[in-house]
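Q: based on what follows, work out the 3D shape:
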Amino acid sequence: MFCFSVWCTLPLNFTKHAHHAHLVKVFTKLGNTFVCNVDNTRIKSSPNLQAYLVLRYIQDQVARFLKHDCLPSRYLAMYAGSLRLTKANFPFVDKLDFEESSQVLEALQASTSIDVMYDEVETFEYAKTRVDAGEAYEEASHTLYVYPRCEGVLTRPTLFVPELEVWNFPHPIETISFHYTQAQKFGTTGLFPCLRKVNVDYTSKLFKPRITDFSPCKMLTSLTLNIKDPSGTGLSGISKLVNLQSLFVEFYDTPNQRDIYPFEEITKLEKLVALFMCGSQICGCIPKEIHKLKCLTDLKLRNTNLSSSIPSELGQLFNLRRLYLVSNKRLVGGLPKELNNLHSLIQIILEGTPNVVARTVMTHGRWNRDEWQKHW
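A: Predicted coordinates for the structure are as follows:
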């Protein structure tokens, strides 16, 4: 296992009376070869955060210098003698608690060197080949998968955290897929300027998302989100993502949830190819402006509280292939006859949407093109 040690040219005194910065020299442990300097390790903060911030700073600087392909700084375990200073998932913790911080500070003050090595559990090859190891990079598709390291759900304040940037990938990250992860907000998405696709799958949830956090991601074309947002602001700002082609959003019911009226912004996404929305928070109507989505091939609305009729302007979506209106109990009226002019349309599904019919023959159910044409 590759490992190295860190020696400090000055005693590690992190008390509030320390006025000098510390210079940390890094050597390989086995060959005693000089690797780099890490300076300015004294960080002003509250005593309870001091140990965590200093450890994280040293760890991040060493990780960046090594330029490893698959291991971020969280896999660099730090020791003072036999005492492990970092947790198994460090630095993906907010801070060390008071007892841990005191223990770390005491160990740092009593030691003149810090040993750093790759985590014995998460070795280079393990992290490189195992998708469910925590974070794993798939070179062929430029994809980063984020999983919790152990069974259960990973809870964190934000999805996109600076620690992810520590990874030194041979290619730009284009896709990030979150699994079993719960967070309040997106965070610093600008860490990945080449990002094209974000997947927050069904095992994950966002509680206070701000779509405008994706403004720096000019190449973003696909969003899959599972949102638990009682404030009703989950899709505000979606019109800013002008290059979006696929939008899959599922809202979970929450106490005192607010209604969402998303179509005013969504109809401005003129490059949209696939639109899927699900959730009882989704209200309003399917507007006439839906015809602006000229590229749309798939329109899927499930379990919403949309309460309008189906506009005839759907018949202007000449690329539409699939129309799924499932469990929309408040949609009313008939399917517009203009849909019969869409030669690309191959399937209509109205299961659980009993108040939408085509003439009197087609009621809620599912049909392929040759079936419904018999009734028009």
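Q: which residue ranges of this protein form helices?
A: All helices of the chain, identified by DSSP state H, fall at 47-66, 98-110, 124-129, 162-165, 263-266, 369-372.
Q: any weak-confidence spans in the stretch 151-300 of the chain?
A: Residues of the stretch 151-300 of the chain meeting the criterion pLDDT under 70: 151, 162-170.
Q: which stretch in the helices of the chain has the least confidence?
A: Sorting the helices of the chain by mean pLDDT places helix 124-129 lowest, at a mean of 44.
Q: quick one, domains of this protein?
A: For the chain, automatic domain parsing gives the domain ranges 3-118, 129-375.
Q: could you dump the ones you listed to TSV with mean neighbour count?
A: Placement of C-beta: from N, CA and C, glycine included. Converted to TSV, these look like this (neighbours: other C-beta atoms under 10 Å):
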stretch	mean neighbour count
domain 3-118	17
domain 129-375	17
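Q: wait, doesn't Ala51 sit right on Leu105?
A: Yes - counting by C-beta atoms under 8 Å, Leu105 is a contact partner of Ala51 at 4.9 Å.
Q: which residues of the stretch 151-300 of the chain fall in strands?
A: 154-160, 175-178, 181-187, 197-200, 205-206, 222-227, 246-251, 274-278, 298-302 (DSSP state E, counting those that start in this stretch).
Q: dump those to a markdown table, plus distance to Thr86.
A: Putting the strands of the stretch 151-300 of the chain into a markdown table (distance: least, C-beta to C-beta, whole Å) gives the following:
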| stretch | distance to Thr86 |
| --- | --- |
| strand 154-160 | 17 |
| strand 175-178 | 23 |
| strand 181-187 | 21 |
| strand 197-200 | 28 |
| strand 205-206 | 28 |
| strand 222-227 | 31 |
| strand 246-251 | 36 |
| strand 274-278 | 41 |
| strand 298-302 | 45 |
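Q: was I right about Gly284 contacting Ser308?
A: Yes - counting by C-beta under 8 Å, Gly284 does reach Ser308; the two are 7.5 Å apart.
Q: let me see the contact set for Leu235.
A: Counting by C-beta atoms under 8 Å, 6 or more residues apart in numbering, Leu235 touches Ile211, Val249, Ile260, Pro262, Glu265, Ile266.
Q: for those, give me TSV that also has distance to Arg302.
A: As requested, the contacts of Leu235 are exported to TSV (distance: C-beta to C-beta, whole Å):
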residue	distance to Arg302
Ile211	21
Val249	11
Ile260	14
Pro262	14
Glu265	20
Ile266	15
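Q: how about residues contacting stretch 236-248?
A: 210-212, 214-215, 217-225, 262, 265-266, 268-277, 295.
Q: rerun at 6 Å
A: For stretch 236-248, the surrounding residues in contact (C-beta atoms under 6 Å, 6 or more residues apart in numbering) are 211-212, 214-215, 220-224, 265, 268-269, 271, 273-276.
Q: pull the CA atoms of that stretch into PDB?
A: Provided in PDB are the C-alpha atoms of stretch 236-248 (Å, rounded to 0.1, in the frame of the first residue of the first chain):
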ATOM      1  CA  SER A 236     -38.400  27.700  -9.600                       C
ATOM      2  CA  GLY A 237     -35.700  28.900 -12.000                       C
ATOM      3  CA  ILE A 238     -35.900  25.800 -14.300                       C
ATOM      4  CA  SER A 239     -36.300  28.100 -17.300                       C
ATOM      5  CA  LYS A 240     -32.700  29.200 -16.800                       C
ATOM      6  CA  LEU A 241     -31.500  25.800 -18.000                       C
ATOM      7  CA  VAL A 242     -32.000  26.600 -21.600                       C
ATOM      8  CA  ASN A 243     -30.100  23.500 -22.900                       C
ATOM      9  CA  LEU A 244     -32.100  21.000 -20.900                       C
ATOM     10  CA  GLN A 245     -33.400  18.100 -23.000                       C
ATOM     11  CA  SER A 246     -34.600  15.700 -20.400                       C
ATOM     12  CA  LEU A 247     -36.500  16.600 -17.200                       C
ATOM     13  CA  PHE A 248     -37.700  13.800 -14.800                       C
END
